[in-house]
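Student: let's see this in three dimensions:
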Amino acid sequence: MAYFNETHIKNLEHLYKINLINSCSGYKSANLLGTKSKEGNENLAVFSSVTHIGSSPAMLGFFLRPTTVIRNTYENIKETGCFTINHIHNSITKDAHHTSAKYAKDISEFDVTELTPEYKADFFAPFVKNSPIQLAMEYVEEYGIQANKTILVIGKIVGLYVDDTFLEDDGFINLAKAEVATINGLDAYGIPNTNKRYGYQRPKVLNAKS
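Tutor: Predicted coordinates:
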């Protein structure tokens, strides 16, 4: 088994290190965040850091790297207070990944891919058409992570659209059936094809010590 201590990791070649550390945490969510500037410029960007914050109220968060470079998504969210989260599925992984390219703010990723914007219920930010799960999000707050100067952005769910085909009777969304993608590292996309669900777990009854 390969072993890396802290010194080894610090001294690794840059690309090798970011591939290694981005992979070692496990599979990550694969989402497209849709935003629009006040001037009407649409933006779409792939994120692998969307995470559950809480169910009541319903909130999700995502992490941003330092804002010393162009971050159109972040700027648009701060300007307008809203964004969308759209699940990446099997047939759009290539175009979804291309949204990681750094385009100028006035160039929409929708225009350089086959992805199509969709608007619902007068929500300001664009959704991704045909995404099986689409979330309308409202900005709540953010936290700066001092250790590496990243930002955790938290939003509340104000609208949730789920393809009926993948929504089960108990509220479970069958991501495997929807062929929703997951991200391994920076650039590898996988499509899980099975689910194993287990019921609510209670402590086992242990034999009392005599």
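Student: pull the contacting residues for residue 50.
Tutor: Taking CB atoms under 8 Å, 6 or more residues apart in numbering as the definition of contact, the neighbours of residue 50 are 29, 31, 33, 60, 61, 62, 85. Where you see a C-beta, it was placed from the backbone N, CA and C, and this is true even at glycine.
Student: same list, these, but as TSV with secondary structure please.
Tutor: Formatted as TSV, the entries for the contacts of residue 50 read as follows, by DSSP: H, G, I helix; E, B strand; the rest coil:
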residue	secondary structure
29	strand
31	strand
33	strand
60	strand
61	strand
62	strand
85	strand
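Student: now do the same end-to-end measure for stretch 73-93.
Tutor: The separation between the terminal residues of stretch 73-93, taken as CA to CA, to the nearest Å, is 19 Å.
Student: what pairs with residue 47 across the strands?
Tutor: For residue 47, the beta-bridge partners under DSSP bridges are residue 31.
Student: and it, how far from residue 86?
Tutor: As judged by CB to CB, to the nearest Å, residue 47 and residue 86 stand 10 Å apart.
Student: and if you look at residue 60?
Tutor: Residue 60 sits at a distance of 12 Å from residue 86 (criterion: CB to CB).
Student: could you do residue 107 as well?
Tutor: Distance from residue 107 to residue 86, by CB to CB: 19 Å.
Student: who's more crowded, residue 47 and residue 86?
Tutor: It is residue 86, of residue 47 and residue 86, that has more neighbours when counted by other CB atoms under 10 Å, with 25 against 20.
Student: now do the contacts for that one.
Tutor: Taking CB under 8 Å, 6+ apart as the definition of contact, the neighbours of residue 86 are 31, 32, 33, 34, 127, 128, 131, 133, 134, 135.
Student: who wins for neighbours among those?
Tutor: Neighbour counts for those peak at residue 34, which has 33 neighbours (criterion: other CB under 10 Å).
Student: so which bits of stretch 91-100 are buried?
Tutor: Applying a neighbour-count criterion of 16 or more other CB atoms under 10 Å, the buried positions in stretch 91-100 are 92, 93, 95, 96, 97, 98, 99.
Student: now do the same end-to-end measure for that stretch.
Tutor: One end of stretch 91-100 sits 17 Å from the other (CA to CA).
Student: now swap in stretch 25-34 and tell me
Tutor: Taking CA to CA as the measure, stretch 25-34 stretches 25 Å from start to finish.
Student: tell me which residues in the helix ranked longest in the chain are buried?
Tutor: Determined from DSSP state H, the single longest helix within the chain is helix 14-24. Using 16+ other CB under 10 Å as the test for burial, helix 14-24 gives 19, 22.
Student: using CSV, list the CA coordinates for that helix.
Tutor: Extracted in CSV, the C-alpha atoms of helix 14-24 (Å, rounded to 0.1, in the frame of the first residue of the first chain):
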residue,chain,number,x,y,z
HIS,A,14,1.7,20.0,-8.1
LEU,A,15,-0.6,18.1,-10.5
TYR,A,16,0.1,14.8,-8.9
LYS,A,17,-0.7,16.3,-5.5
ILE,A,18,-4.0,17.9,-6.5
ASN,A,19,-5.1,14.6,-8.2
LEU,A,20,-4.2,12.6,-5.1
ILE,A,21,-5.8,14.8,-2.5
ASN,A,22,-8.9,15.5,-4.6
SER,A,23,-9.4,11.7,-5.0
CYS,A,24,-8.6,10.5,-1.5
